[in-house]
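Novice: Starting from these lines, generate the structure:
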Amino acid sequence: MTNYVYDLMKKHHSVRKFKNNPLSDDVVKRLVEAGQSASSSSYLQTYSIIGVNDPQVKNDLKEVSGQPYVADNGYLFVFVMDFYRHSLIAEEKKTDMDVSIGSTEGLLVGTIDATLVAQNMAVAAEDMGYGIVYLGSLRNDVHRVKEVLNLPEHTFPLFGMAVGEPADDENGAPKPRLPFEHVFHENQYNSDEEAQRNVLASYDKTVSDYYNKRTDGERSETWSDQIARALGSKQRLDMLDELNKSGFLKR
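Specialist: Okay, the predicted model is just below:
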């Protein structure tokens, strides 16, 4: 038994600065094949992957995201929850699948399927020496992304992933994660409020120290500060409407 995969995963950090070296067709194919090897709920395979190497399409998506590395990378993948092919099967087999496709469970299944695929691809890419960054910012304007990618009904763009060779001056480092004891609950959830608050206070100091060291004292916010800012503001309030328009979350 080796610790190679474990050690590789522990080194992960988001890369936001890439060399201007495109991925080869062979590398793209291998990454997608690695993604397809992920588990799929009931073998439904409710996802598609849009590979983007056209500069204009990248720039269109960068306008949605606002992040330069949506365009400046080796390759861009967009992960799509996809029941379109299933709707075609429903027509052919004369079976009503709308109840399943439009259900909350269908939304969960499609999202989980696509996410498992993406994480397989992320690990495979890092194993090849590439860096990656996930791009939830593509949901800033789902309607526009649908237009740019020509997505049919029963599909929904969930997130993107930029992949490429890290730039020579890319200096990212793994961020400290929540303590093992805080995220792992044996047999039953430990909801003891005092214990939770104590761990959060300790973790806040760890994160603050991390930022202090990384920025020479220019940044010192805690994890709780970030969470309060991120979840305390209203974001992407059009999600339900856009999901409904695509045939999802009807019930």
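
Novice: mind listing the strands for the stretch 1-150 of the chain?
Specialist: 47-52, 75-82, 131-135 (DSSP state E, counting those that start in this stretch).

Novice: export these to JSON lines and tack on mean neighbour count and distance to Asp60?
Specialist: Placement of C-beta: from N, CA and C, glycine included. Below are these laid out as JSON lines (neighbours: other C-beta atoms under 10 Å; distance: least, C-beta to C-beta, whole Å):
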{"stretch": "strand 47-52", "mean neighbour count": "20", "distance to Asp60": "9"}
{"stretch": "strand 75-82", "mean neighbour count": "24", "distance to Asp60": "11"}
{"stretch": "strand 131-135", "mean neighbour count": "23", "distance to Asp60": "14"}
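
Novice: looking at the ones you listed, which is closest to Ser24?
Specialist: Across these, Ser24 has its closest neighbour in strand 75-82 (9.3 Å, C-beta to C-beta).

Novice: chain center to that closest one: distance?
Specialist: For strand 75-82, the separation from the chain centroid amounts to 10 Å (computed by C-alpha atoms, centre = their mean, to the nearest Å).

Novice: need the strands of the stretch 1-150 of the chain in CSV with mean pLDDT and distance to Asp7, can you?
Specialist: Below are the strands of the stretch 1-150 of the chain laid out as CSV (pLDDT from 0 to 100; distance: least, C-beta to C-beta, whole Å):
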stretch, mean pLDDT, distance to Asp7
strand 47-52, 98, 27
strand 75-82, 98, 25
strand 131-135, 98, 16
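
Novice: Can you check which of those gets nearest to Thr206?
Specialist: When the strands of the stretch 1-150 of the chain are compared (using C-beta to C-beta), the closest one is strand 131-135, at 22.7 Å.

Novice: Work out the sheet partners of that closest one and label each with its direction, please.
Specialist: The strands beside strand 131-135 in its sheet (DSSP bridges) come out as strand 155-164 (antiparallel).

Novice: The strand it pairs with to strand 75-82, inter-axis angle?
Specialist: 160 degrees (axes from the mean of the first three to the mean of the last three C-alpha atoms, to 10 degrees).

Novice: next helix or strand past strand 155-164?
Specialist: Next helix or strand after strand 155-164 toward the C-terminus (DSSP states H and E): helix 180-183.

Novice: where along the stretch 101-250 of the chain do the helices fall?
Specialist: Taking DSSP state H, counting those that start in this stretch as the criterion, the stretch 101-250 of the chain contains helices spanning 104-127, 142-149, 180-183, 193-214, 223-231, 239-245.
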